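**Student:** I need the structure of the sequence given here:
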Amino acid sequence: MLSINLITFMTSLIEQLKNVFQLTKNEADIYLYGLTVSAFTAQDISRSKNIPRPTVYHVLETLIQKGLILKTVTNQRTSFCATSPDRLPSIIENEKNKIQSRAQSLEEILPALFQKNSNVSNSFVSTHYEGLAGIKLLFEEALYAKNRSWDVIAPSQNILRQVDKTYAQYIYNT
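**Tutor:** Residues are numbered from 1 along each chain as shown. Just a heads-up that it's a prediction; the model follows:
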């Protein structure tokens, strides 16, 4: 019973870390591992968590960039430690300040961006076709369009299979 509660607690903690710091499961898992030891190596994590070492190095670099892991090199040996939980609010505060700065910069350049965009006519057209009749209409319009370039979002399977063979042959031959 205790182990089930611990697993549930750890799963919940990982999910919360993923949400708060926009982490992947591996990132959250490695950060939590780091909190349980004073220092660790990539090999320690790789063995403990059964994660390939190249993946561990990538995750550690990401966590370092986010400020959640610290890297130290002594005697040509690289080790890592997790940032103390009491530092986490300052990481969030720094992120908040960066976002506010970016928002302020955006506000300053928005008028110039709108001015630049006002000279362009927005000729983008989107049309939604449904069902067999829609598929047929789509092909008819494509065949007789002035501009021969079309972007179509369709199922990965061949949509011509949805129409009768005679019509599909007609489209194919045209």
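**Student:** tell me who's in contact with His128.
**Tutor:** For His128, the contact set (C-beta atoms under 8 Å, 6 or more residues apart in numbering) comprises Gly134. Quick note: C-beta positions are derived from backbone N, CA and C, even for glycine.
**Student:** quickly note the distance from it to Ser118.
**Tutor:** To Ser118, His128 is 28 Å away according to C-beta to C-beta, to the nearest Å.
**Student:** kindly report the same for Lys66.
**Tutor:** With C-beta to C-beta as the criterion, Lys66 and Ser118 are 39 Å apart.
**Student:** between those two, point out the one with more neighbours.
**Tutor:** Taking neighbours as other C-beta atoms under 10 Å, Lys66 and Ser118 compare with Lys66 leading, 16 against 8.
**Student:** flag every buried residue along the top helix by length along the chain.
**Tutor:** Using DSSP state H to define each element, the chain has its longest helix at helix 88-118. Of all the residues in helix 88-118, not one is buried under the rule 16 or more other C-beta atoms under 10 Å.
**Student:** before we move on, what about stretch 75-90?
**Tutor:** Neighbour counts over stretch 75-90 (16+ other C-beta under 10 Å) mark 80, 82-83 as buried.
**Student:** then stretch 23-42?
**Tutor:** Buried residues in stretch 23-42, counted by 16+ other C-beta under 10 Å: 23, 26-31, 33-34, 40, 42.
**Student:** for stretch 47-64, same thing?
**Tutor:** Buried residues in stretch 47-64, counted by 16+ other C-beta under 10 Å: 51, 56, 59-60, 62-63.
**Student:** select from the residues you listed every entry located in helices.
**Tutor:** The helices, defined by DSSP H, take in 56, 59-60, 62-63 from the buried residues of stretch 47-64.
**Student:** could you dump those residues into a markdown table with pLDDT and distance to Glu108 added?
**Tutor:** Putting those into a markdown table (pLDDT from 0 to 100; distance: C-beta to C-beta, whole Å) gives the following:
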| residue | pLDDT | distance to Glu108 |
| --- | --- | --- |
| Val56 | 95 | 41 |
| Val59 | 94 | 36 |
| Leu60 | 96 | 36 |
| Thr62 | 94 | 31 |
| Leu63 | 95 | 33 |
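**Student:** and those residues as a markdown table, adding distance to Pro111?
**Tutor:** Formatted as a markdown table, these follow (distance: C-beta to C-beta, whole Å):
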| residue | distance to Pro111 |
| --- | --- |
| Val56 | 47 |
| Val59 | 41 |
| Leu60 | 42 |
| Thr62 | 36 |
| Leu63 | 39 |
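**Student:** nearest to Ala112, of those residues?
**Tutor:** The closest of those to Ala112 turns out to be Thr62 (C-beta to C-beta; 34.0 Å).
**Student:** which residues touch that closest one?
**Tutor:** Taking C-beta under 8 Å, 6+ apart, one finds Glu27 in contact with Thr62.
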